[in-house]
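> Next come a sequence and a model predicted from it.
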Amino acid sequence: MGKFDKLIKELCPDGVEWKEIGEFLDYEQPTKYIVKSTEYSDKYDIPVLTAGQSFVLGYTNEKDGLYKSSKDKPVIIFDDFTASFHWVDFVFKIKSSAMKMLTPKSKDSINFRFIYHCMKNIGYSNNDHTRQWIGKYSKFKIPIPPLELQEEIVHILDLFTNLTEELTAELTARRKQYEYYRDKLLMFGDGVEWKQFGECATIFRGASPRPIREFITTDSSGVNWIKIGDVKIGEKYITCSEERITKEGAEKSRFVKKGDLILSNSMSFGRPYILKINGCVHDGWLIISNFSNYYLTDFLYYLLNSNIYQNEMKKKASFGGAVQNLNANIVKGLVLPLPPLEEQERIVSILDKFDKLCNDLTEGLPAEIEARRKQYEYYRDKLLTFKELEKIN
């Protein structure tokens, strides 16, 4: 940090100007880069991106309408509703029009990567489902130190992000191995009974009291209001909710209980989660309950999360190349294997060990990645804390 402190004393001992992000970035609407077909395959080479958590949704073979970013000409893809964003420096297509493509207006006074790190430091998220970039986010102010200092900050912070990316790539390879063995374990032939899922479980859609804002409460007697934002990609359980709704709101929704599964029918399409809490869910979820006579909860989670049934749900919910919302009838119609409970328990014990290796934040690669992320956040906060330069009237 010696060089950094020296640059501060030499270049901006009295502080720096703070300016709106929008002064430095242009935005482009993404319409011409939207993928036409959602029939993705790992055999293809063009990634389809979202600005949300999942980032890479899949790969397409479409060659028209590519966004040709590169190491020399990167872009920030910005979700205009959630304010989530990603740095991209490779060729890609996108899934939705609900984003902005952000690029620098000029490279003379600003380091684009410096702005990216500043945006990461803002820590803003939006829950009201309104457009964010023009009216709000672009008006956030960030410190603008001299360019030489910007470049030193980027150099330091990128050391952490590069290491995290290397570890994440290694973990991704491990997860692909895990998925391969999981799917092999969950392949059954004629030696087991097969049933339509609707014969083995109660499956129905969630419901939303409207307008939802009138039913949100901070009262401790409120009912957990479980949203897709309460879970992270790769997590198995839902253990808490950020919001609660009133009892009156709960009566207009759908109750779920511990041990139920809920399945996203949009966004992270078809992804199952096991509930560790009671609560209510909106119509972006399908509820799966009353299956204990046929399935262990964890076995059913692994089965529905396997590539076999994820792909089948996507295929059955697709029309004209576009993925529609997953509905209860599609899930009820899935034909699933029904191995003995003892065999289910054996498979779960094996897959739980794999799952822990890939997702447990207390040990191994996941723990190391989490530690590096926290280091990055610590130094980012320290390096981007500048006194504002006093304006002389």
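The structure has been received and is ready for your questions.
> low-scoring pLDDT stretches of the stretch 251-393 of the chain, where are they?
For the stretch 251-393 of the chain, the stretches with pLDDT under 70 are 266-268, 318-324, 361-362, 392-393.
> mind listing the helices for it?
Using DSSP state H, counting those that start in this stretch, the helices found in the stretch 251-393 of the chain span residues 297-305, 307-316, 328-332, 341-359, 364-383.
> So which elements touch the longest one?
Taking 3 or more C-beta pairs under 8 Å, 6 or more residues apart in numbering; DSSP states H and E as contact, the helices and strands that helix 364-383 lies on are helix 112-122, helix 147-185, helix 341-359. C-beta coordinates here come from the backbone N, C-alpha and C atoms, glycine included.
> just those helices: most buried one?
Most buried of the helices and strands packed on helix 364-383, by mean neighbour count (mean count of other C-beta atoms under 10 Å): helix 112-122, with a mean of 19.
> tell me which strands and helices the next helix or strand after that one is in contact with?
Proceeding N to C from helix 112-122, the next assigned helix or strand is strand 141-144, under DSSP states H and E. In terms of contacts (3+ C-beta pairs under 8 Å, 6+ apart), strand 141-144 is packed against strand 17-20, helix 112-122.
> Of all those, which one is nearest Glu151?
helix 112-122 (7.6 Å; C-beta to C-beta).
> quick revisit: right, and the helices and strands packed on helix 364-383 - which one's nearest Met99?
Nearest of the helices and strands packed on helix 364-383 to Met99, taken as C-beta to C-beta: helix 112-122 at 14.1 Å.
> That closest one versus helix 364-383: what angle between them?
Per axes from the mean of the first three to the mean of the last three C-alpha atoms, to 10 degrees, the angle that helix 112-122 makes with helix 364-383 is 100 degrees.
> any idea how far helix 112-122 is from the chain center?
From the chain centre to the centre of helix 112-122 is a distance of 19 Å (C-alpha atoms, centre = their mean, to the nearest Å).
> go on, stretch 180-189?
The answer for stretch 180-189 is 26 Å, by C-alpha atoms, centre = their mean.
> again with stretch 253-268
On the basis of C-alpha atoms, centre = their mean, stretch 253-268 sits 17 Å off its chain's mean C-alpha point.
> And stretch 57-77, by the same measure?
Centroid separation for stretch 57-77 versus its chain: 19 Å, with C-alpha atoms, centre = their mean.
> State the mean pLDDT of it.
For stretch 57-77, the mean pLDDT works out to 95.
> now swap in stretch 94-101 and tell me
Rounded mean pLDDT across stretch 94-101 is 92.
> What are the buried residues along it?
Residues of stretch 94-101 classed as buried by neighbour count (16 or more other C-beta atoms under 10 Å): Ile94, Lys95, Ser96, Ala98, Met99, Lys100, Met101.
> got it, and stretch 61-70?
For stretch 61-70, by 16+ other C-beta under 10 Å, it's Tyr67, Ser69.
> For Cys240, grab the count of nearby residues.
Neighbour count of Cys240, defined by other C-beta atoms under 10 Å: 12.
> just to revisit the earlier point, looking at the helices and strands packed on helix 364-383, spot the one closest to Lys9.
Nearest to Lys9 among the helices and strands packed on helix 364-383 is helix 147-185 (10.8 Å), distances taken as C-beta to C-beta.
> hang on, the earlier thing: JSON lines for the helices and strands packed on strand 141-144, including mean pLDDT and distance to Lys73?
Below are the helices and strands packed on strand 141-144 laid out as JSON lines (pLDDT from 0 to 100; distance: least, C-beta to C-beta, whole Å):
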{"stretch": "strand 17-20", "mean pLDDT": "94", "distance to Lys73": "23"}
{"stretch": "helix 112-122", "mean pLDDT": "96", "distance to Lys73": "10"}
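> which one of the ones you listed lies closest to Asp230?
For the helices and strands packed on strand 141-144, proximity to Asp230 was assessed by C-beta to C-beta; helix 112-122 is nearest, at 21.7 Å.
> helices and strands around the closest one, which ones?
strand 85-88, strand 99-104, strand 141-144, helix 147-185, helix 364-383.
> can I get those in JSON lines with distance to Asp5?
Below are those laid out as JSON lines (distance: least, C-beta to C-beta, whole Å):
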{"stretch": "strand 85-88", "distance to Asp5": "27"}
{"stretch": "strand 99-104", "distance to Asp5": "28"}
{"stretch": "strand 141-144", "distance to Asp5": "16"}
{"stretch": "helix 147-185", "distance to Asp5": "10"}
{"stretch": "helix 364-383", "distance to Asp5": "11"}
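> Since that was my last question, I'll sign off now.
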